[in-house]
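[1] Show me how the following folds:
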Amino acid sequence: MHNIFISHAWHRSEHYKKVIEWLDDSDIEYRNYSVPEENPLHSGNKTKLKEDLTDQIRPAGKILILAGMYAAHSDWIEYEINEAVRMGKYIVGIKPWGQERVPTIIQDNATVMVGWNASSVIDAIKCQKSGAIERRI
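    Numbering: from 1, shown residues only. Purely as a prediction, here's the structure:
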């Protein structure tokens, strides 16, 4: 079983939904700890929301980061990345189709970077190597 958290921007939910589709169509078993737009956390303030996001990230062994340039301008995606790094999580950066650049925070913190296709994402989830840093696109 793969415990997965997908960091994403809600205004780009089509990317999130596509990754979920790839996971559902694959042969891996997974549990999704993400916070989708249709099921938001109902935290009363910013501090509580951070605590709730940390609680969502904690049980996930793999963090998938959708590496659109919008991520460079999202405090919440930055917080999720920083929490994943702090917890020593395996981070998969996913470069959206046709995108030339990747935000520095993702490039610098991803365990592995992959291109925008199902097999690359699924392989990155399956091929986690403890302590190994792998980079590919």
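
[2] The protein: helices as residue ranges?
    13-25, 46-57, 75-86, 104-109, 118-126 (DSSP state H).

[3] And those helices: which comes nearest Ile94?
    Closest of the helices of the chain to Ile94 is helix 118-126, at 6.0 Å (criterion: Cβ to Cβ). All C-beta spots, glycine's among them, are computed from the backbone N, C-alpha and C.

[4] quick revisit: which one of the helices of the chain lies nearest to Met1?
    Nearest to Met1, of those and by Cβ to Cβ, is helix 118-126 at 11.4 Å.

[5] So what touches the closest one?
    With contact meaning Cβ atoms under 8 Å, 6 or more residues apart in numbering, helix 118-126 is reached by 2, 4, 19, 22-23, 25-26, 28, 30, 62, 64, 92, 94, 112, 114, 136.
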